[in-house]
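Engineer: next comes the sequence, and after it the predicted model I'd like to discuss.
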Amino acid sequence: MTEKIIVDAGYKKSKISRHIYGHFAEHLGRCIYGGFWVGKNSQIPNIHGYNKAVVEAFKKLNIPNLRWPGGCFADEYHWKDGIGPKENRKRMINTNWGGVVEDNSFGTHEFLGLCDELGCEPYICGNVGSGSVQEMDEWIEYMTFEGESPMANLRKANGHEKAWRIPFFGVGNENWGCGGNMRPEYYADLYRRYQTFVRQYGKEKIQKIAGGPNVDDYNWTDVLMKNAHWLMNGLSLHYYTYEYHWGDKRSSTEFDTDGWYRTVKNAYRMEELVRRHSEIMDKYDPEKKVALVVDEWGCWHQVEPGTNPGFLYQQNSVRDAVTAAITLNIFNNHSDRIRMANLAQAVNVLQSPVLTEGDRTLLTPTWYVLHMYKGHQDAILLQTSAACSSCGDPEKNLAVPSLSVSASVKHCEKCSKDLYLVTLANADSDSSKEIEVTMAHLGRNINSAEATVLSGNAMNSINTFEMPDNVTEKSLTAEITACDTVKITMPAHSVAAITIKV
Ligand code: AHR
């Protein structure tokens, strides 16, 4: 059976904000220390202390933004501990993540320098759980006030004359949990108070992101929107994909077919979460001024055997690649409301695109998906529909659509052509799919079509430091079968990207 996808080239929808393709770096395990940051005196090749290979890997993805310093760490981070001469910086215990010593050698200056190296925007998360209003107020002043003031003077004394641009600022993290175990009513009041002191000093406004719900806590969304929607630019949502949705963590590599489908089904659940939270947001904000910011998403598996359980270091297989592709298609398709998202986390933690070990770096299957999808950044979403089969055992309640899809169009100035990008995931663990993609209302004939694919010999194939190129993006035959139609064959458990020029 041939699966049929229709892309309506005449039905242009929302802009897919590039910020949907954002990342997250917390002081957790080896994400910052040993991941992004190796220090200036390291033997590992570095640019002013930043791991060169890691920076280069992320630059190839055109990453739009990086969220920092947490996560749970944000609500016990005191920014003044991480500025000034390194020898004077406070040493503290990272109580959330492994109880290790945090020496604060990576702080505000180091983070903002990293964003400069990466060419991305900073998204800083402030401390509401254990920090004061004054502390948040002064951090904003320190980073963004250009003129003469106590905090601006301190920044200058610490070697940074010019104010930074901080386009995104989160007012707390998971304040329903590690960020203070608050009730939504209480956090809504705190949000109103704290955000008042996120002052707008620069020409460019800081977008304020309120701490949003956990998974399906629709009441949290309702209370926050009712009490504070006019004071926020975004409301965050956190959802991790587990094999079992109630949070039992299973191996990242040792799973059977049912384990594959349980995980894929939970990845598809993002669609329902986004739809239902958006419906509540629509009630208070029909003009969609407030973005839904999915600033923590990804697969959360059992840690790799022999590693510190508090470091959340896991491998990343073809299953992670397929779930990332499904999730990103959902984000693209809801880009009218979702205008920012952050994969958790960038290096060595949870579903990382990059893993490191000493001076060795590897790109995971998830990195390749982000590479295949990067053409969607700031492109215009197109309406798609799929008449496709399902896969997974219905008797076990594991049936899911075989194909997930999104499509966009962007004008290429260099080649003066419209470029259409169609991205697909084949969720079927063991069958390939012959797929016809028809570009309806194109107005002109397809000029050329190129495709790439990411798969693996098995659904749990991974890249290792010994075999880093086991799972990579490869070219795939894309046959133009009619003036508006392209045909591809996707292997089982795979992700494909088709670029069509007219
Ligand atoms: O990403 C790991 C943790 O997951 C974050 O610190 C927290 O916000 C979430 O619970």
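Structural biologist: Okay, I see it.

Engineer: can you report how many residues lie near whichever residue of the stretch 301-450 of the chain sits closest to the ligand?
Structural biologist: The nearest approach of the stretch 301-450 of the chain to the ligand comes at residue 344, 4.2 Å away (C-beta to the nearest ligand atom). Using the backbone N, CA and C atoms, a C-beta is placed for each residue, glycine as well. Applying other C-beta atoms under 10 Å, we find 26 residues neighbouring residue 344.

Engineer: so how far is residue 298 from it?
Structural biologist: Remark: distance between residue 344 and residue 298 (C-beta to C-beta, to the nearest Å) = 5 Å.

Engineer: overlap in contacts of those two?
Structural biologist: When contacts are counted by C-beta atoms under 8 Å, 6 or more residues apart in numbering, residue 344 and residue 298 have 240, 350, 351 as shared neighbours.

Engineer: let's see which of these end up in strands.
Structural biologist: Within the shared contacts of residue 344 and residue 298, residues falling in strands by DSSP state E are residue 240.

Engineer: same list, the shared contacts of residue 344 and residue 298, but as JSON lines with pLDDT and neighbour count please.
Structural biologist: JSON lines is the format used below for the shared contacts of residue 344 and residue 298 (pLDDT from 0 to 100; neighbours: other C-beta atoms under 10 Å):
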{"residue": "240", "pLDDT": "97", "neighbour count": "19"}
{"residue": "350", "pLDDT": "98", "neighbour count": "27"}
{"residue": "351", "pLDDT": "98", "neighbour count": "26"}
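
Engineer: and the ligand, which of the shared contacts of residue 344 and residue 298 reach it?
Structural biologist: residue 350 (C-beta under 6 Å from any ligand atom).

Engineer: so residue 449, which of the three states?
Structural biologist: strand (DSSP: H, G, I helix; E, B strand; the rest coil).

Engineer: so it sits against residue 481, correct?
Structural biologist: No: applying C-beta atoms under 8 Å, one finds residue 449 not in contact with residue 481, separated by 9.9 Å.

Engineer: which of these two has more neighbours?
Structural biologist: Applying other C-beta under 10 Å to residue 449 and residue 481 shows that residue 449 carries more neighbours, namely 23 against 14.

Engineer: pull the contacting residues for that one.
Structural biologist: Taking C-beta under 8 Å, 6+ apart as the test, what residue 449 contacts is 478, 479, 480, 486, 498, 499, 500, 501.

Engineer: what of residue 159?
Structural biologist: The neighbours of residue 159, taking C-beta under 8 Å, 6+ apart as the test, are residue 109.

Engineer: does it sit in a helix, a strand or a coil?
Structural biologist: Secondary structure assignment for residue 159 (three-state DSSP): coil.

Engineer: please report how far it lies from residue 84.
Structural biologist: The gap separating residue 159 from residue 84 is 10 Å, by C-beta to C-beta.

Engineer: residue 30 now?
Structural biologist: For residue 30 relative to residue 84 (C-beta to C-beta), the value is 25 Å.

Engineer: the more surrounded of the two?
Structural biologist: Using other C-beta under 10 Å, the more surrounded residue of residue 30 and residue 84 is residue 30, with 21 against 16.

Engineer: so the more buried one makes contact with residue 349?
Structural biologist: Yes: applying C-beta under 8 Å as the test, residue 30 and residue 349 come out as touching, 7.3 Å apart.

Engineer: tell me, what's touching those two both at once?
Structural biologist: Common contacts of residue 30 and residue 349, defined by C-beta under 8 Å, 6+ apart, comprise 311, 313.

Engineer: who does residue 6 bridge with?
Structural biologist: With DSSP bridges as the criterion, residue 6 is bridged to residue 385, residue 438.

Engineer: and the helices in the chain?
Structural biologist: Along the chain, the segments classed as helices by DSSP state H run 52-59, 108-118, 133-144, 150-157, 184-196, 218-228, 257-284, 318-333, 365-373.

Engineer: show me the contacts for residue 361.
Structural biologist: Counting by C-beta under 8 Å, 6+ apart, residue 361 touches 51, 53, 54, 57, 354, 355.

Engineer: swap that for residue 52, please
Structural biologist: Contact analysis of residue 52 by C-beta under 8 Å, 6+ apart lists 44, 45, 46.

Engineer: distance of the residue of the chain found nearest the ligand from residue 383?
Structural biologist: Relative to the ligand, the nearest point of the chain is residue 71 (2.7 Å; C-beta to the nearest ligand atom). Applying C-beta to C-beta, the value for residue 71 to residue 383 is 36 Å.

Engineer: please say which of those two ends up with more neighbours.
Structural biologist: residue 71 (28 against 16).

Engineer: spatially nearest residue to the more buried one (excluding sequence neighbours)?
Structural biologist: In this structure, residue 71 finds its nearest non-sequential neighbour in residue 26, 3.7 Å apart by C-beta to C-beta, 6 or more residues apart in numbering.

Engineer: what stretches of the stretch 401-502 of the chain score poorly on pLDDT?
Structural biologist: For the stretch 401-502 of the chain, no stretch has pLDDT under 70.

Engineer: tell me which stretches of it form strands.
Structural biologist: Ranges of strands in the stretch 401-502 of the chain, per DSSP state E, counting those that start in this stretch, are 403-412, 417-426, 433-440, 448-454, 473-476, 479-482, 485-490, 494-501.

Engineer: strands paired with the fourth one, and their directions?
Structural biologist: In its sheet, strand 448-454 lies beside strand 473-476 (antiparallel), strand 494-501 (antiparallel), with partners assigned from DSSP bridges.

Engineer: and the longest one, how far out from the chain's middle?
Structural biologist: Yep, that's strand 494-501 we're talking about. In terms of C-alpha atoms, centre = their mean, to the nearest Å, the centre of strand 494-501 is found 21 Å from the chain centre.

Engineer: what's the angle between that strand and strand 485-490?
Structural biologist: 160 degrees (axes from the mean of the first three to the mean of the last three C-alpha atoms, to 10 degrees).

Engineer: how close does the nearest residue to residue 281 once chain neighbours are set aside get to residue 462?
Structural biologist: Leaving out its chain neighbours, the residue that sits closest to residue 281 by C-beta to C-beta, 6+ apart is residue 225, at 5.8 Å. Distance, residue 225 to residue 462, using C-beta to C-beta: 41 Å.

Engineer: tell me the pLDDT of the closest residue to residue 219 other than its chain neighbours.
Structural biologist: Nearest residue to residue 219 in three dimensions, chain neighbours excluded: residue 184, at 6.5 Å (C-beta to C-beta, 6+ apart). Listed pLDDT for residue 184 reads 98.

Engineer: sweet, I'm off.
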